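Chemist: Predicted model and sequence below, questions to follow.
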Amino acid sequence: RSLDLEDGGRLGKRSTIRFVIDDDLSGISKYNGYLNGRWVLFAYDAKRKQIYHEVDPRLSSGEHVLAIEVEDRKGNSARRELTFRK
């Protein structure tokens, strides 16, 4: 779940986008983030069970699509996509 954005929301002055990712059984194996279809770097904070992305300040105004893919160690995967405006 996103901690900073709702689908259709505005980024505003935020410089970081954070998501909680968790798997109580096997644990997280891998995660990827895509902004407008292009891979972007997300860092993992295991203590808080969060991934976060520092938004490039040069990101253009307008509508953007952010997708997060997470896979656990058993191969189960989930994808979350949301649209936001800057």
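Modeler: Nice, I can see it.
Chemist: And the strands in this protein?
Modeler: Listed in chain order, the strands of the chain (DSSP state E) span 9-10, 16-20, 28-35, 38-40, 43-45, 50-54, 63-72, 77-85.
Chemist: Can you say which of the ones you listed is nearest to residue 1?
Modeler: Proximity of the strands of the chain to residue 1 was assessed by C-beta to C-beta; the nearest stretch is strand 16-20, lying at 5.3 Å. C-betas here are computed from N, CA, C, even on glycine.
Chemist: what angle do the closest one and strand 77-85 make?
Modeler: 150 degrees (axes from the mean of the first three to the mean of the last three C-alpha atoms, to 10 degrees).
Chemist: related to what we said a few turns ago, in a markdown table, list the strands of the chain along with distance to residue 2 and mean pLDDT.
Modeler: As requested, the strands of the chain are arranged in a markdown table below (distance: least, C-beta to C-beta, whole Å; pLDDT from 0 to 100):
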| stretch | distance to residue 2 | mean pLDDT |
| --- | --- | --- |
| strand 9-10 | 9 | 93 |
| strand 16-20 | 5 | 94 |
| strand 28-35 | 11 | 96 |
| strand 38-40 | 15 | 98 |
| strand 43-45 | 15 | 94 |
| strand 50-54 | 10 | 96 |
| strand 63-72 | 8 | 96 |
| strand 77-85 | 7 | 95 |
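Chemist: Same list, those strands, but as JSON lines with mean neighbour count and distance to residue 3 please.
Modeler: Supplementary listing: the strands of the chain in JSON lines, determined by neighbours: other C-beta atoms under 10 Å; distance: least, C-beta to C-beta, whole Å:
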{"stretch": "strand 9-10", "mean neighbour count": "12", "distance to residue 3": "12"}
{"stretch": "strand 16-20", "mean neighbour count": "17", "distance to residue 3": "4"}
{"stretch": "strand 28-35", "mean neighbour count": "16", "distance to residue 3": "14"}
{"stretch": "strand 38-40", "mean neighbour count": "11", "distance to residue 3": "17"}
{"stretch": "strand 43-45", "mean neighbour count": "12", "distance to residue 3": "11"}
{"stretch": "strand 50-54", "mean neighbour count": "17", "distance to residue 3": "7"}
{"stretch": "strand 63-72", "mean neighbour count": "17", "distance to residue 3": "12"}
{"stretch": "strand 77-85", "mean neighbour count": "14", "distance to residue 3": "12"}
